[in-house]
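Asks: Build me a structure from this.
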Amino acid sequence: MNKIKRIILILLVALGLSSCDILSQMHQMATFAKCTFDFESVNSVQMLGVNLRKGMTKSDLSVGQLLQLTNALMSKSLPVTFNVNLDINNPNSTAASMTKMDYILTLNDKQIISTTMNNSISVPANSSNVVTIPVTTDLFQLFSGESAEAIMNLAFKLAGATSNPVNVGIKVKPYITVGGQQLAYPDYITMNKVLQ
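Replies: Below is the predicted model of the structure:
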């Protein structure tokens, strides 16, 4: 019996569930444990409310947008929002589901967010599901030791501009509900994507 099944069995027995409940919940966790998580993409990047198209650079901004960007950088603030998309593949013959997911996101090894997505996620049998994680952060606050130009380029890089590579890392910890209790996956699942 693998590590996950042993942990779940101990917890289920401790919760006093019937043998049918135990088998059902063990099957659910075993099904979910066979799913794979892959980092798919970053999209919907906005900087100061401006949608950054793929490959867009500072020279593509209007005069008003450049003025807004200059004012933001002078006040040491560069708010950015974007989505990180994860592909969850379920190779099993039955559906897999989780009730919530903790996640930690890093850019160039600096943690930018650590929070919980409380939405239930279900992945049908023999298929995959893309889960979108919305991110809101202030790049200037995170990378205060960097030059304003480097911080601005990081925002454009997230949207697909050609510049220095950016390493986007994400760790996820899924949960399932067992006997009314939330049980976490034993370890974080770690993924990295280098945006070239």
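
Asks: Double-check that Lys73 belongs to a helix.
Replies: Wrong residue type there; residue 73 is Leu, not Lys. Yes. According to DSSP: H, G, I helix; E, B strand; the rest coil, Leu73 belongs to a helix.

Asks: Not counting sequence-adjacent ones, nearest residue to it?
Replies: Distance criterion C-beta to C-beta, 6 or more residues apart in numbering; nearest residue to Leu73, sequence neighbours excluded, is Ala148 at 4.4 Å. No exception for glycine: its C-beta is placed from N, CA and C like everyone else's.

Asks: Verify the stated contact: that neighbour with Asn71.
Replies: No. Between Ala148 and Asn71 there is no contact under C-beta atoms under 8 Å: 11.8 Å.

Asks: Between the two, which is the more surrounded one?
Replies: Ala148 (16 against 11; other C-beta atoms under 10 Å).

Asks: tell me the pLDDT at the more buried one?
Replies: In this model, Ala148 is scored at 85, pLDDT.

Asks: so where's the chain uncertain?
Replies: Scanning the chain with the threshold set as pLDDT under 70 gives 1-30, 179.

Asks: just the helices in it please.
Replies: Assigned by DSSP state H, the helices in the chain fall at 3-14, 19-33, 63-74, 139-142, 148-158.

Asks: Point out the other helices and strands that the fourth one packs with.
Replies: So the one you mean is helix 139-142. Packed against helix 139-142 by the contact rule (3 or more C-beta pairs under 8 Å, 6 or more residues apart in numbering; DSSP states H and E) you find helix 148-158.

Asks: Okay, buried residues for the helix it packs on please.
Replies: Residues of helix 148-158 classed as buried by neighbour count (16 or more other C-beta atoms under 10 Å): Ala148, Ile151, Met152, Asn153, Leu154, Ala155, Phe156, Lys157, Leu158.
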